[in-house]
Every structure is written in structure tokens, then in C-alpha cells.
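In: Predicted model follows, preceded by the sequence.
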Amino acid sequence: MEIAGIAIDETVDITDKVCPLTFVKAKVALEELDDGEVIAIRMNDGEPVQNVPRSVKEEGHQILKLVDNEDGTYNLIVRKVEG
């Protein structure tokens, strides 16, 4: 799979979750990846877009891109970095 020209190893949809469960679900998905793998985290606009990228960055992972799907959701594309 590819999003915005970036090869995606895994995807997780957290549009059915509300904060703080959005980051919890994203973090669990990241923990299951191997170092260097890329995940696309699909989330709703609003709180998740403000909070999840910040939390992912605080965990030490690399944010590659935030893509507006133009339907009220975004894909946050993250590369797992060994912590």
C-alpha cells in the first residue's frame, strides 16, 4: 500500500475511538511494528489530529506526513524508531 508516495507497512484506523484511547490504540499498533517500518494511522479531525502526532513524536517516532483525506479524517504516516 502507498499513501502520498510513501510505502506503508501497516495501517490502523482509530476513527472509532476518542481521546485518550486514540493514542493508546496508535501506540499499541506502533509497538507491534519492527524498527523502521511505516504505519498509517487514520484518525478524525479535531482532538486526535492535535494530540496523536504530538504524542507519537514524544515517544521518539518519526512523523513522515499528515495527509488530509478531505472527508473529516487524516492519515498520520509514522516511521517506528527504536526507543
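Out: Done, it's in.
In: which stretches of this structure form strands?
Out: With DSSP state E as the criterion, the chain has strands at 2-3, 6-7, 10-13, 38-44, 62-68, 73-79.
In: Let's have these in a markdown table, adding mean neighbour count and mean pLDDT.
Out: For every residue, glycine as well, the C-beta is placed using N, CA and C. Converted to a markdown table, the strands of the chain look like this (neighbours: other CB atoms under 10 Å; pLDDT from 0 to 100):
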| stretch | mean neighbour count | mean pLDDT |
| --- | --- | --- |
| strand 2-3 | 12 | 94 |
| strand 6-7 | 12 | 96 |
| strand 10-13 | 16 | 97 |
| strand 38-44 | 22 | 98 |
| strand 62-68 | 14 | 98 |
| strand 73-79 | 21 | 98 |
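In: okay, the ones you listed in a markdown table with distance to Glu32 next?
Out: A markdown table is the format used below for the strands of the chain (distance: least, CB to CB, whole Å):
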| stretch | distance to Glu32 |
| --- | --- |
| strand 2-3 | 19 |
| strand 6-7 | 18 |
| strand 10-13 | 8 |
| strand 38-44 | 9 |
| strand 62-68 | 17 |
| strand 73-79 | 13 |
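In: ok, Arg42 - contacts?
Out: By CB atoms under 8 Å, 6 or more residues apart in numbering, Arg42 lies in contact with 11-15, 69, 73-75.
In: at 6 Å what do you get?
Out: Shown in contact with Arg42 (CB atoms under 6 Å, 6 or more residues apart in numbering): 13, 15, 73, 75.
In: between these, which is closest to Leu64?
Out: Nearest to Leu64 among those is Asn75, at 10.3 Å by CB to CB.
In: Now do the end-to-end distance for stretch 30-37.
Out: Stretch 30-37 has an end-to-end distance of 9 Å (CA to CA, to the nearest Å).
In: Give me the buried stretch members for that stretch, please.
Out: 30, 33 (16 or more other CB atoms under 10 Å).
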